[in-house]
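Asker: Predicted model and sequence follow; I will ask about them next.
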Amino acid sequence: MKRPGSKLKHHLHFALIGGITAVLGVLTLTGARFDSSLLFLLEKIAISIILAVSLSLVVGFLGELSLGHAGFMCVGAYLGGKVSALLVPLLGNGPAAFLVSLAAGAGAAAVCGIGIGIPALRLRGDYLAIVTLAFGEIVKSLFQNSSPESFGGALGLDTPRYDKRYLFLFAFLLVLLTVMVVQNLIRSKHGRAITAIRDNEIAALSCGINVTKYKLLAFTLSAAFAGVAGVLYSYSNYTVQSLRFGYNYSIEILVMVVLGGMGSIPGAILSATLITFLDTQLAAILTGDLAVLQNLLYAAILIAIVIYNNAPALKGFRDKYNLAALAKKLRRSAPDPAAVRDDAAKWDVVPTKIDMDELLSVDIADRGHQEGGDDP
Amino acid sequence: MEEILSALIGGLSLGGIYAMIALGYTMVYGIAKMLNFAHGDIIMVGGYTIYVVMATGSPLLAIAAAVVVCVALGVVVEKLAYKPLRGASPLAVLITAIGVSYLLQSLAQIVFGSAPKMVTVYQFGTVTFLGATVQVSALVTLAVAAAVMAGLTLFIKYTRVGRAMLAVSEDRGAAQLMGIDVNGIITLTFAIGSALAALAGLFYLLKAPTVSGTMGAMPGIKAFTAAVIGGIGSIPGAMLGGIALGLVESVSYSFAPIAPYTDAIEFSLLIVILLVRPTGFLGRKRREKV
């Protein structure tokens, strides 16, 4: 049972990114010149969105904590950068070399994703988090100590300079691709299997869901897109330094996912954009020792948001004062029943007793709506 | 031969430091069922406290101050950040702990600046042992670590409070029904873990006399690795894992061809061990009931 307009709502973020890309694309192709710092910011935002959306697949939808997302990106950046450095003299510095190196970076990262997905089958929760963290550190250390001829070693790998005027267009097309793939996956049969594993792995298994297959799928896909972000990074920055892809960067991506609301793709897009934008703005204001103020701010916001969203004692407060309730008050209309509600923050709160008051207060017409609406 | 011997002694003392930090991780995991990601940064706070109080010139005062400050910080962090989330999803608690870790690191950099500070707590000499030159500080570290681990084992086995801790880690609900003050036990666990972190910070400074905002991050992650290798939640496991990791690190550093890859070797060891024994050496397998 779909309501008119619900489809537009699901694809609003999609249309927005597509619209911006189209407008900027037309402007660029008709010869408009943008400030190079603006272009760099746009590329950075695109990279952040790809990273946040792909991490959201593992953390928000599969429900496994990954602390090594920057490691996958690192693999993509080095492999893609190396391939493009080798290809540019042969194919010229055009889209062909870019696409091949993109495939190489994504492929290499995906292979690593399978490599991490396999332990993920035997481990869970905290153990898996430490394995992904270890993976990120291993990757960093291996590239850091590589020979100067192969991957540049401690000095980093230099990559070819692509025409900066068009790079951000490719970047935004890749953002569209990422969001499309992840969102369509989540809204498909396979995506429901993935969220079922998150909500209760044993129950999912007993319903005949192939847990092995879906865990590997989520890890591999997430890693592949991190690899894509890595290749974009290598093109955007002209040089790849392994130290950039440490544990702290993985945490930064995780912060984007958590701030956006786990299990929400538009949220991840929004917070990735905002954080990246704020990063560059604050970096200009806060220089020297003050630069850490920014980290302090992120940390404080992260703690406050997680406690606010999860503390059992704040449940009553949360139900009363939140954005959805505020919007409802303003619009005085019923919530859209067709919207995909994926409230990951409460995924393991299993209702143990039925709240009679709540049950009795819901009127019958409204319930009928909701039951019909859950099943598109 | 001499080189191997000094690498082994260095490894044992480094392992002692890792074991002390890993004990903090493993006790908190056993009792509060959470990974305290900010544990490594408690070491850093201990380091800065020693740096500040060393202005008075008294190492003993500095050590005492570091223990007091770390214990207070550990308890405050537990009350403000982790206690409100008791009963929430483990992922939420873990992310909060990561936030606390970030918060402490950036606070330290704001207060003390980002440049590392030098601090000499005490100058130990070297002794020659079977032809190998050995740092006396390594021997002191080893001795104190062994004493702390023995004391902690006795405390947990033979005192009422220690047994209450075991009971809480076994079954929190049942322990509460038996009249154990679960919140008090959790606070005590954080206090003990933080005191051990302060000691670890001290021995770290004896090894490498600089303090910086991120000094706790790497030892924290390594000790965490050690706790997981030994089987997280198990106290003897943390000691075993810490010593094993310290030995691997020290031996790997002393062989020139593989020295740059030491971190990669340690973390690969973790992945291999977890693949073979998903609960670490001494961890207990928990059956999931439906």
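Answerer: The structure has been received and is ready for your questions. Numbers count the residues shown, from 1 in each chain, chains lettered A, B, ... in the order given.

Asker: Low-confidence ranges, the chain, go.
Answerer: Let's take chain A. Scanning chain A with the threshold set as pLDDT under 70 gives A:1-10, A:124, A:162-163, A:288-289, A:331-376.

Asker: um, chain B though
Answerer: Within chain B, the stretches with pLDDT under 70 are B:286-290.

Asker: Helices of that one, start to end?
Answerer: Applying DSSP state H to chain B gives helices spanning B:2-32, B:39-53, B:59-77, B:90-112, B:136-158, B:160-170, B:172-177, B:182-207, B:217-230, B:235-254, B:262-276.

Asker: Show me what the last one is packed up against.
Answerer: Under the contact definition 3 or more C-beta pairs under 8 Å, 6 or more residues apart in numbering or on different chains; DSSP states H and E, helix B:262-276 sits against helix A:95-122, helix A:126-144, helix B:217-230, helix B:235-254. (Glycine included, C-beta is placed from N, CA and C.)

Asker: does chain A sit close to the third one?
Answerer: Yes. Legend: contact between helix B:217-230 and chain A by C-beta under 8 Å from any C-beta of the partner chain is shown at B:217, B:221, B:224-225, B:228.

Asker: and B:Val127, what does it touch?
Answerer: B:Val127 is in contact with B:133-134, B:136, B:139, counting by C-beta atoms under 8 Å, 6 or more residues apart in numbering or on different chains.

Asker: Now the buried members of the residues you listed.
Answerer: B:134, B:139 (16 or more other C-beta atoms under 10 Å in any protein chain shown).

Asker: Close to chain A: what parts of the stretch 51-200 of chain B are there?
Answerer: So the stretch 51-200 of chain B meets chain A at B:81, B:84-92, B:94-96, B:98-100, B:102-103, B:105-107, B:109-110, B:113-114 (C-beta under 8 Å from any C-beta).

Asker: Swap in 7 Å and give it another go.
Answerer: Within reach of chain A by C-beta under 7 Å from any C-beta of the partner chain, the stretch 51-200 of chain B has these residues: B:81, B:84-85, B:87-92, B:94-96, B:98-100, B:102-103, B:106-107, B:109-110, B:113-114.

Asker: on that earlier part again, rebuild the helices and strands packed on helix B:262-276 as JSON lines, extending it with mean neighbour count and distance to B:Gly57.
Answerer: Formatted as JSON lines, these follow (neighbours: other C-beta atoms under 10 Å in any protein chain shown; distance: least, C-beta to C-beta, whole Å):
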{"stretch": "helix A:95-122", "mean neighbour count": "20", "distance to B:Gly57": "51"}
{"stretch": "helix A:126-144", "mean neighbour count": "24", "distance to B:Gly57": "39"}
{"stretch": "helix B:217-230", "mean neighbour count": "27", "distance to B:Gly57": "27"}
{"stretch": "helix B:235-254", "mean neighbour count": "23", "distance to B:Gly57": "31"}
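
Asker: A:Pro160: which of these is closest?
Answerer: Across the helices and strands packed on helix B:262-276, A:Pro160 has its closest neighbour in helix A:95-122 (7.6 Å, C-beta to C-beta).

Asker: Mind telling me which residue of the stretch 51-200 of chain A is nearest chain B?
Answerer: A:Ala134 (3.7 Å; C-beta to the nearest C-beta).
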